[in-house]
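Student: Okay, sequence plus prediction incoming.
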Amino acid sequence: MCHSCVCKIGPSMLASDLSCLKDEALKVVAAGADYLHLDVMDGHFVPNITWGAPVIKSLRQHTTAFFDCHMMVSEPEKWVDDIKDAGGDQFTFHLESTSNPEALIAQIRAAGMKVGVAIKPGTPAESVLPLVPLVDMVLVMTVEPGFGGQSFMADMMPKVTFLREKFPALDIEVDGGLGPATIDAAAKAGANMIVAGSSVFRAANPADAILLMRHSVERLGNGKADADLTRRQ
Ligand SMILES: O=C(CO)[C@H](O)[C@H](O)COP(=O)(O)O
């Protein structure tokens, strides 16, 4: 983890060898990851199923890394307490998954977690504007949520630029298809939290992959955001 870096890199555990999740997590933490991105999928909100609170709780026994829980689920309010109890640090829900985001944000805050709001590729950036003052982070998806290993959607970058221009200190995360070939576009647009799955776990040297992305954001980034990923529990 880099304490002096504005840019934060969060490997997506979805791309790891899930038969040894603990070892994979420890590997990327040792390689310089700032946090771990945990994709919770329910087979309903997205057409894939991964894991839920029990797996997160098991992983929590082995690391103090910040857990950024990306909740690709319908009815996210059902899982707030379980994710908190499992050791989640941030609960990122999809704007498309709830009719009452303000109530959900209050529930996540009451549970003691940081709050992220995610938008799918088809959702305009304008739709999160009323929520920005209430959340810690906006996640702009750069693939359709559901699967790792997809191609980066460069046409999502205007959303990041739009949010960065309006909110210089907002934590803006991008997720999907990020790696050496795409990081500069995300950095220039203003993303400061980078989720990277395949490009980290399939790299010959994960530490090099993380460093390359970090340098890109530090060099080209244009915001003042500096995500506080200190664990509060
Ligand atoms: O949320 C996700 C998919 O819904 C994943 O986090 C994302 O796809 C990262 O994987 P990769 O870097 O391999 O594209």
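Tutor: Happy to help now that I have it.

Student: Tell me which residue in this structure sits closest to the ligand.
Tutor: At 3.0 Å from the ligand, Gly197 is the closest residue in the chain, using Cβ to the nearest ligand atom. Placement of C-beta: from N, CA and C, glycine included.

Student: So that residue is in contact with Gln150, correct?
Tutor: No: look at Gly197 against Gln150 with Cβ atoms under 8 Å: they stay out of range, at 9.8 Å.

Student: Quick check on those two: which one has the bigger neighbour count.
Tutor: Between Gly197 and Gln150, counting by other Cβ atoms under 10 Å, Gly197 is the more crowded of the two (25 against 15).

Student: residues contacting that one?
Tutor: By Cβ atoms under 8 Å, 6 or more residues apart in numbering, Gly197 lies in contact with Pro11, Ser12, Met13, Leu14, Ala15, Ser16, His37, Gly148, Gly149.

Student: tally of neighbours for the second one?
Tutor: The reference is to Ser12. 24.

Student: mind checking pLDDT for it?
Tutor: Looking at Ser12, its pLDDT stands at 98.

Student: was I right about it contacting Met193?
Tutor: No: Ser12 is beyond contact range of Met193, at 11.9 Å (criterion: Cβ under 8 Å).

Student: how about the strands of the chain, start to end?
Tutor: 8-11, 36-41, 67-72, 90-94, 114-119, 137-141, 171-175, 193-196 (DSSP state E).

Student: Could you dump those into CSV and include mean neighbour count?
Tutor: As requested, those are exported to CSV (neighbours: other Cβ atoms under 10 Å):
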stretch, mean neighbour count
strand 8-11, 28
strand 36-41, 25
strand 67-72, 27
strand 90-94, 27
strand 114-119, 22
strand 137-141, 25
strand 171-175, 26
strand 193-196, 28
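
Student: Save the ones you listed as CSV, and put in distance to Ser216 too.
Tutor: CSV is the format used below for the strands of the chain (distance: least, Cβ to Cβ, whole Å):
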stretch, distance to Ser216
strand 8-11, 10
strand 36-41, 18
strand 67-72, 20
strand 90-94, 23
strand 114-119, 22
strand 137-141, 17
strand 171-175, 12
strand 193-196, 9
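
Student: Can you tell me which of those is nearest to Pro158?
Tutor: Pro158 lies closest, by Cβ to Cβ, to one member of these: strand 137-141, at 9.9 Å.

Student: what sits against Asn222?
Tutor: Arg164, Lys188, Gly190.

Student: same thing but at 7 Å, please
Tutor: By Cβ atoms under 7 Å, 6 or more residues apart in numbering, the residues touching Asn222 are Arg164, Gly190.

Student: can you check the one 4 residues further on too?
Tutor: Contacts for Asp226 (Cβ under 7 Å, 6+ apart) come out as Val6.

Student: For the chain, give me the ranges with low pLDDT.
Tutor: 2-5, 233 (pLDDT under 70).

Student: What parts of it come near the ligand?
Tutor: 12, 14-15, 37, 39, 70, 143, 145-150, 175-178, 195-199 (Cβ under 6 Å from any ligand atom).

Student: Check whether Ala15 really touches Ala196, as I assumed.
Tutor: No: using Cβ atoms under 7 Å, Ala15 is not in contact with Ala196, being 8.3 Å away.

Student: which helices and strands sit right next to the longest helix along the chain?
Tutor: Ranked by residue count under DSSP state H, the longest helix found in the chain is helix 206-220. In terms of contacts (3 or more Cβ pairs under 7 Å, 6 or more residues apart in numbering; DSSP states H and E), helix 206-220 is packed against strand 8-11, helix 183-189, strand 193-196, helix 198-201.
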